[in-house]
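Asks: here are the coordinates; sequence isn't available:
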């Protein structure tokens, strides 16, 4: 399977994305909440937009109104579709 995939991967069209690892620190009534999390974005997303999205996600996760985010690492990702299942046709793709 691995050999077959490597021979055909140039024929596949993948979804290119950037994958960021970040550390957040949010103030709460009982002290600081710190953790490491990840965010996925399209290739052309600006660094400022990534940070804003990471802050927003951290606030929602912790319930805090004040969060600091520091980017740690950026990865390039390409995801190739391998198989679609019949239940995919049940999803509405429009409003």
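Replies: Thanks, I have the structure now. Bear in mind the structure is a predicted one, so any value in this text is a computation, not a measurement.

Asks: isn't residue 37 up against residue 55?
Replies: No - here residue 37 does not reach residue 55: they are 11.2 Å apart, not a contact under Cβ atoms under 8 Å. Placement of C-beta: from N, CA and C, glycine included.

Asks: who touches both of these two?
Replies: Here residue 37 and residue 55 share the contacting residues residue 24, scored by Cβ atoms under 8 Å, 6 or more residues apart in numbering.

Asks: now name the helix or strand holding the most centrally placed residue in the chain.
Replies: Against the mean C-alpha coordinate of the chain, by Cα atoms, centre = their mean, the closest residue is residue 40 at 2.0 Å. Element membership of residue 40 [criterion: DSSP states H and E] is strand 31-42.

Asks: next SSE downstream of that strand?
Replies: According to DSSP H and E, the helix or strand after strand 31-42 is helix 47-62.

Asks: how far is that following helix from where the chain is centred?
Replies: Helix 47-62 sits 11 Å away from the centroid of its parent chain (Cα atoms, centre = their mean, to the nearest Å).

Asks: same check on stretch 48-66?
Replies: That offset, for stretch 48-66, works out to 13 Å (Cα atoms, centre = their mean).

Asks: follow-up on the earlier one: for the residue nearest to the centre of the chain, give me its contacts.
Replies: With Cβ under 8 Å, 6+ apart, residue 40 has these contacts: 17-20, 77.

Asks: narrow these to those in strands?
Replies: Among the contacts of residue 40, the members falling in strands (DSSP state E) are 17-20, 77.

Asks: any of those residues buried? List them.
Replies: 18, 20 (16 or more other Cβ atoms under 10 Å).
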